[in-house]
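Colleague: model this:
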Amino acid sequence: MKKIDTLIVDDEALARRGLKLRLDRHEDINVVGQCTNGREALAAIPELNPDLVFLDIQMPGMDGFDVIRQLQGDDMPMVVFATAFDQYAIKAFDVHAIDYILKPLEDDHLSRALQRVRDQLAQKNDASDKQRLLEVISDITGKAPAEMEKLLEDGISPAKQYPEKIAIKDAGEITLVPLTDIEWVDAAGDYMCIHASGQIHIMRTTMKQLESQLDPALFQRIHRSTLVNLNRVDKISSHINGEYNLILKGGARLKMSRSYKDKIQHFLN
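Modeller: Predicted coordinates for the structure are as follows:
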């Protein structure tokens, strides 16, 4: 049984102790650490890399929502808010918390939250298994994983047609943004920040879902949480450590992570 590494963040020692005792009753939960405030949590999460964080909301100095806002997309674990106040429930789900449980904790509510965590992990593992299979097939055929995925899904159907615009819903309105106007996209959890024509549009979707709507001949991933319009790249700046910065025509500077540096060929061809 794979353990779910879990971090507890609460400024009350009694609350931390009580939650750990309850979590210890679940064989697949492994409590890897405890933090007494938000700043400790921001330091511990990149170091411990937990799958799950039980996060109090009201803490001195930095509350639970401040912690979420400062976490980078790549470091974002699953979050269950545990608090004595029910007025934050809607805000909690707006930041994609897995669950929201009230203190004093009840066992059935905790069990329900943990089951949601397990279900979410199962979905992620299924996606990871598919990606590993694509990579194996890619090694055999010499085709890129993205190309193999398209072939497996589409068979011999005609090449996929990509839209000229994407629809972004916000407060009951829909904005149609031409793809050619998009300079780059960066991810914040399940929200995409789309930079286009000097504006930032917020789209509620995942990076994978958005990427499927974009023509790979025009848009390429240069980081787990960044897509760039190839036509907007003006300069490439290399560093001694093997990383690159892409400088866009509007002056924006984007970091290309090492794992994506093979994409540099798109700019040299």
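Colleague: domain assignment for this protein?
Modeller: Domain assignment for the chain by automatic domain parsing gives 4-122, 165-268.
Colleague: Next, please give the residue ranges for the helices of the stretch 1-150 of the chain.
Modeller: Secondary structure of the stretch 1-150 of the chain (DSSP state H, counting those that start in this stretch): helices located at 13-23, 38-48, 64-70, 89-94, 107-141, 145-154.
Colleague: Which of the domains of the chain has the highest mean neighbour count?
Modeller: For the domains of the chain, the largest average neighbour count (mean count of other C-beta atoms under 10 Å) is found in domain 4-122, namely a mean of 17. C-betas here are computed from N, CA, C, even on glycine.
Colleague: how far out from the middle of the chain is it?
Modeller: 17 Å (C-alpha atoms, centre = their mean, to the nearest Å).
Colleague: tell me how far the ends of it are from each other?
Modeller: With C-alpha to C-alpha, to the nearest Å as the measure, domain 4-122 spans 11 Å from end to end.
Colleague: do the same with stretch 46-54
Modeller: End residues of stretch 46-54 are separated by 15 Å (C-alpha to C-alpha).
Colleague: Over that stretch, what's the mean pLDDT, rounded is fine.
Modeller: Averaging pLDDT along stretch 46-54 gives 93.
Colleague: just checking, Gly189 touches Met76?
Modeller: Yes. Between Gly189 and Met76 there is a contact at 5.8 Å, judged by C-beta atoms under 8 Å.
Colleague: Quick check: pLDDT value at Lys103.
Modeller: At Lys103, pLDDT is 83.
Colleague: give me every residue that touches the residue nearest to it when sequence neighbours are not counted.
Modeller: Sequence neighbours aside, Ala84 is the residue nearest to Lys103 in space, at 4.4 Å (criterion: C-beta to C-beta, 6 or more residues apart in numbering). Contacts for Ala84 were tallied using C-beta atoms under 8 Å, 6 or more residues apart in numbering; they are 58, 102-103.
Colleague: So which of the residues you listed is the closest to Ile202?
Modeller: Gln58 (26.6 Å; C-beta to C-beta).
Colleague: Please report how far the closest residue to Glu12 other than its chain neighbours lies from Tyr100.
Modeller: Excluding the flanking residues, the one nearest Glu12 by C-beta to C-beta, 6+ apart is Asp56, at 7.6 Å. Between Asp56 and Tyr100 the computed distance is 12 Å (C-beta to C-beta, to the nearest Å).
Colleague: Need the overlap of contacts for these two.
Modeller: Here Asp56 and Tyr100 share the contacting residues 81, 83, scored by C-beta under 8 Å, 6+ apart.
Colleague: that older thread, ok, of the domains of the chain, where does mean pLDDT dip lowest?
Modeller: domain 165-268 (a mean of 82).
Colleague: can you give me the helices for the stretch 151-269 of the chain?
Modeller: Under the criterion DSSP H, counting those that start in this stretch, helices of the stretch 151-269 of the chain are mapped to 207-213, 265-268.
Colleague: For the residue nearest the centre of the chain, what are phi and psi?
Modeller: Nearest to the mean C-alpha position of the chain, by C-alpha atoms, centre = their mean, lies Gly189 at 4.0 Å. When quoted as degrees, to the nearest 10, the phi and psi of Gly189 stand at phi 70, psi -130.
Colleague: Quick check: it vs His195, distance?
Modeller: The gap separating Gly189 from His195 is 17 Å, by C-beta to C-beta.
Colleague: And Lys165, by the same measure?
Modeller: Using C-beta to C-beta, we find Lys165 at a distance of 16 Å from His195.
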